[in-house]
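Visitor: sequence plus predicted model, see below.
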Amino acid sequence: MIKLRSKMFYRCSSKLASCGGGASGGGGGAATYAGAEIKWELRPGGMLVQKRESNENSDEVMITIRVSTVSKWHDISVQPTSTFGELKILLSILTNLEPQEQRILFKGKEREDNEHLHMIGVRDKDKVLMLEDPAIKERKLLGLTRTGGIGSPYCTISV
């Protein structure tokens, strides 16, 4: 039979940390762990969680996304609240493909232009795959053969 012991928030189970034995007793406050201060907050549902660090410069936060194409990759810095459409505009500058010609995949799914990065779950240093739309690629190739961009092996001879 396994014996489980409950862990209290003010006890330290780590051998590396020097626990002074004192900390907050319950609903909120702070505890010391390995020399760093951990602050707790009580959420409206009654859950006790570690307090988040609030950034006052949240408008200036940028994330770096690695965009992989078939042959190369690009590191792009954008705001997390940007949309995939804005990402496509930035990629059109780097890849010379129009945003309508691009297909953006994240976590195996194609993403729409109006979806926000942070709502889908894109974080700093995540990888996004960009592919050229196969239908538009085929239309381009057909257009080149019709206009004579690609030479035809046959030529008409009039006598």
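Guide: Sure thing, it's come through.
Visitor: how about stretch 123-137, which residues are buried there?
Guide: 126, 128-131 (16 or more other C-beta atoms under 10 Å). Placement of C-beta: from N, CA and C, glycine included.
Visitor: list the neighbouring strands of the helix or strand where residue 128 lies plus their orientation.
Guide: Taking DSSP states H and E as the criterion, residue 128 maps to strand 126-132. Looking at strand 126-132 with DSSP bridges, its partner strands are strand 63-68 (parallel), strand 102-106 (antiparallel).
Visitor: and of the buried residues of stretch 123-137, the nearest to residue 62?
Guide: Nearest to residue 62 out of these is residue 126 (C-beta to C-beta; 13.3 Å).
Visitor: and the closest one, what does it touch?
Guide: 63, 65-66, 106 (C-beta atoms under 8 Å, 6 or more residues apart in numbering).
Visitor: the same query, at a cut-off of 10 Å, please.
Guide: Going by C-beta atoms under 10 Å, 6 or more residues apart in numbering, residue 126 touches 63-67, 106-107, 117, 120.
Visitor: greatest separation within these: which pair is it?
Guide: 64 and 107 (17.6 Å).
Visitor: and the angle from the lengthiest helix in the chain to strand 126-132?
Guide: Ordering each helix of the chain by length in residues (DSSP state H) puts helix 134-147 first. On the basis of axes from the mean of the first three to the mean of the last three C-alpha atoms, to 10 degrees, helix 134-147 is oriented at 30 degrees to strand 126-132.
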